[in-house]
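[1] Generate a structure from the sequence data that follows.
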Amino acid sequence: TDTDGLLEAGCSKEGRKDCADKSGCSESQILKWVNMCDLFRIKGVGEEYSELLEVSGVDTVKELRNRVPENLTAKMEEVNAEKNLVRRVPTLKEVTAWIEHAKELSPKVTH
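    Okay, here's the model as predicted:
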């Protein structure tokens with residue numbers, strides 16, 4: 001399945017349980033993947049940046065929309081300096097655009 005399909009199938013707790021049962025993966029692993037797919041809806045966020053966001057404390061569009069751009073950018077710089085997850089940390093301008101885009105999207109993942 002593609003990322004949109006996984007997001008649709010796993011956006012609810014029941015859906016994640018079903019995906020876990022069918023795949024043999026744990027529900028927590030399915031949730032991690034679903035959250036990454038949720039962040040992929042943001043223009044400019046791919047696999048690397050979704051992982052950096054997750055390690056920085058943001059794993060869904062719903063969480064991203066409530067962040068302060070300056071604080072999140074600083075946190076991602078700190079995390080990347082420690083863990084070296086991406087070659088280039090996103091700029092404040094990029095992070096601000098992500099947050100604005102997140103505010104325009106309706107939440108998909110429920111817990």
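[2] Could you say which helix or strand holds Lys32?
    helix 27-40 (DSSP states H and E).
[3] and that helix, what other elements does it pack with?
    When contacts are defined as 3 or more C-beta pairs under 8 Å, 6 or more residues apart in numbering; DSSP states H and E, helix 27-40 sits against helix 3-10, helix 13-23, helix 47-55, helix 61-64. Glycine gets a C-beta too; all of them are placed from N, C-alpha and C.
[4] Compute the mean per-residue pLDDT across it, please.
    Across helix 27-40, the average pLDDT comes to 89.
[5] can you tell me which residues contact the residue nearest in space to the middle of the chain?
    In the chain, the centroid-proximal residue (C-alpha atoms, centre = their mean) is Leu39; its distance is 3.5 Å. Contacts for Leu39 were tallied using C-beta atoms under 8 Å, 6 or more residues apart in numbering; they are 45, 49-50, 53-54, 58-61, 64.
[6] What of Gln29?
    Ala20.
[7] And for Asn35, nearest residue in space, chain neighbours not counted?
    Nearest non-adjacent residue to Asn35, counting by C-beta to C-beta, 6 or more residues apart in numbering: Asp59, 4.3 Å away.
[8] Now for that neighbour, how many residues are close by?
    Using other C-beta atoms under 10 Å, Asp59 is surrounded by 21 other residues.
[9] per-residue confidence for it?
    So, for Asp59, pLDDT stands at 90.
[10] Just the C-alpha atoms of the helix holding Lys32, please, in PDB.
    Taking C-alpha atoms only, helix 27-40 is exported to PDB below (Å, rounded to 0.1, in the frame of the first residue of the first chain):
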ATOM      1  CA  GLU A  27       0.400  -1.700  16.800                       C
ATOM      2  CA  SER A  28       3.100   0.800  18.000                       C
ATOM      3  CA  GLN A  29       5.100   0.300  14.800                       C
ATOM      4  CA  ILE A  30       2.000   0.800  12.700                       C
ATOM      5  CA  LEU A  31       1.200   4.000  14.600                       C
ATOM      6  CA  LYS A  32       4.800   5.300  14.000                       C
ATOM      7  CA  TRP A  33       4.400   4.600  10.300                       C
ATOM      8  CA  VAL A  34       0.900   6.200  10.200                       C
ATOM      9  CA  ASN A  35       2.200   9.300  12.000                       C
ATOM     10  CA  MET A  36       5.000   9.600   9.400                       C
ATOM     11  CA  CYS A  37       2.400   9.300   6.600                       C
ATOM     12  CA  ASP A  38       0.400  12.000   8.300                       C
ATOM     13  CA  LEU A  39       3.500  14.400   8.300                       C
ATOM     14  CA  PHE A  40       4.100  13.500   4.600                       C
END
